[in-house]
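Chemist: Sequence below, structure please.
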Amino acid sequence: MNMQNTLPSPSLLPGSGRLILGCMGMGSDWQGGAVTESHIAQAHAALEAAREIGITLFDHADIYKRGTAEQCFGELLRRQPSLRDDILLQSKCGIRFADDAGPARYDLSGAYIVAAAEASLRRLGVEHLDILLLHRPDPLMEPQEIAEAFSRLRSAGKVRFFGVSNMQAGQMRWLQQALDAPLVANQLEMSLAKLDWLDHDSTFNDPQNTSALPWAGTLQYCQQQGIQLQAWSPLAQGIFSGAKSDRASPTQQATAKLVLSMAEQYAVSAESIVLAWLLRHPAGIQAVIGSTRPDRIRACAAATTLQLSRDDWYRLYLSARGQALP
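Modeler: Numbering: from 1, shown residues only. Reported below is the predicted structural model:
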């Protein structure tokens, strides 16, 4: 396989689906404590629930639980080696915690990208990652240096494809001009609770558009270039699907009631309504489910087959906005 010139499907990386399991909740804790059998059992239950509903792509990052999320998942692979042939592994790098060398920071230097990827491979106990994402844009990143790191990892067979996370169109375009293979994914926060990705376009040239985030053209660029959009925190920590949260605003509480009403109407879970709203967008978004609870993972199953009507999609959008469109 010529990985250097092979472009994945413009909508989905081969072998993946509309739902991804985010593995941030696996492992010990954010202090990097020891991984126990209890942690491994929790991860195994989440993995099996995900596979039951057809999930094949598992999303990691080197920083999740200080590396113990990857370590924990790696133990599952060690105990069931055949599993690696049935799934896709994605990880991210570029965020560094404060240490003796410096403060909490971003680092997309070539040396750090290579070292981080190799460390993820060791923790996971695998020979290659299917996808490696740059976790956050680094103000000091240099496209040519990143390109050389990507080439080194690809040539060594350690990473198949590369992508980004939390980057806008201009940053991707700037990075891509130095690369000899296409970026395949961009992971962004998108949900009923995080609507600027929609509002920036739908309220263009209107006083309502007060967002300073440079969304304009990002979704369109990704679709045009075959860059798979992935949504992190698509369930918005359960605010619209049953979680009791003191942080929920009156608008969010009203939207949660609407979600529950639609769940009854469509005879599916509230989680599936929330995700189906996101998946209804023509950009072909993948949703990264961040829960490790098997029941909540299974509750997302119907999202991939449920087709919300245009009117219901707008009911949810307008309710979550809390104000009428211009």
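
Chemist: Please count neighbours and contacts with C-alpha atoms only from this point.
Modeler: OK.

Chemist: any idea how far residue 138 is from the residue nearest to residue 237 when sequence neighbours are not counted?
Modeler: Spatial nearest neighbour of residue 237, excluding adjacent residues (C-alpha to C-alpha, 6 or more residues apart in numbering): residue 243 at 7.5 Å. According to C-alpha to C-alpha, to the nearest Å, residue 243 and residue 138 sit 34 Å apart.

Chemist: quick one, which of these two is more surrounded?
Modeler: residue 138 (16 against 12; other C-alpha atoms under 10 Å).

Chemist: Surely the more buried one forms part of a strand?
Modeler: No: the assignment for residue 138 by DSSP: H, G, I helix; E, B strand; the rest coil gives coil, which leaves it out of any strand.

Chemist: Tell me the spacing between it and residue 109.
Modeler: Counting by C-alpha to C-alpha, the gap from residue 138 to residue 109 is 9 Å.

Chemist: Repeat that for residue 101.
Modeler: For residue 101, the distance to residue 109 - C-alpha to C-alpha - is 15 Å.

Chemist: Between the two, which has more neighbouring residues?
Modeler: residue 109 (17 against 7).

Chemist: wait, the more buried one sits on residue 146?
Modeler: Yes: using C-alpha atoms under 8 Å, residue 109 makes contact with residue 146 at a distance of 6.7 Å.

Chemist: Contacts only, for residue 25.
Modeler: For residue 25, the contact set (C-alpha atoms under 8 Å, 6 or more residues apart in numbering) comprises 64, 65, 69, 290, 291, 292.

Chemist: export those to JSON lines and tack on distance to residue 264 and neighbour count?
Modeler: Formatted as JSON lines, the contacts of residue 25 follow (distance: C-alpha to C-alpha, whole Å; neighbours: other C-alpha atoms under 10 Å):
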{"residue": "64", "distance to residue 264": "36", "neighbour count": "21"}
{"residue": "65", "distance to residue 264": "37", "neighbour count": "21"}
{"residue": "69", "distance to residue 264": "36", "neighbour count": "29"}
{"residue": "290", "distance to residue 264": "24", "neighbour count": "22"}
{"residue": "291", "distance to residue 264": "23", "neighbour count": "20"}
{"residue": "292", "distance to residue 264": "25", "neighbour count": "22"}
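
Chemist: Rebuild those as CSV, extending it with pLDDT and secondary structure.
Modeler: Output for the contacts of residue 25, formatted as CSV (pLDDT from 0 to 100; DSSP: H, G, I helix; E, B strand; the rest coil):
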residue, pLDDT, secondary structure
64, 98, helix
65, 97, helix
69, 98, helix
290, 96, coil
291, 96, coil
292, 96, coil
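
Chemist: any chance of the residues you listed in JSON lines, plus distance to residue 192?
Modeler: Shown next, in JSON lines, are those (distance: C-alpha to C-alpha, whole Å):
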{"residue": "64", "distance to residue 192": "24"}
{"residue": "65", "distance to residue 192": "27"}
{"residue": "69", "distance to residue 192": "27"}
{"residue": "290", "distance to residue 192": "16"}
{"residue": "291", "distance to residue 192": "17"}
{"residue": "292", "distance to residue 192": "21"}
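
Chemist: any idea how far residue 131 is from residue 186?
Modeler: 11 Å.

Chemist: joint contacts of these two?
Modeler: Both residue 131 and residue 186 are contacted by residue 163, under the criterion C-alpha under 8 Å, 6+ apart.

Chemist: quick one: low-confidence parts of the stretch 51-200 of the chain?
Modeler: Nowhere does the stretch 51-200 of the chain drop to pLDDT under 70.

Chemist: what ranges do the strands span in it?
Modeler: With DSSP state E, counting those that start in this stretch, the ranges of strands along the stretch 51-200 of the chain come out as 57-59, 88-93, 95-96, 105-106, 129-134, 159-165, 183-189.

Chemist: Give me the distance between the first one and the centre of its chain.
Modeler: Centroid separation for strand 57-59 versus its chain: 9 Å, with C-alpha atoms, centre = their mean, to the nearest Å.
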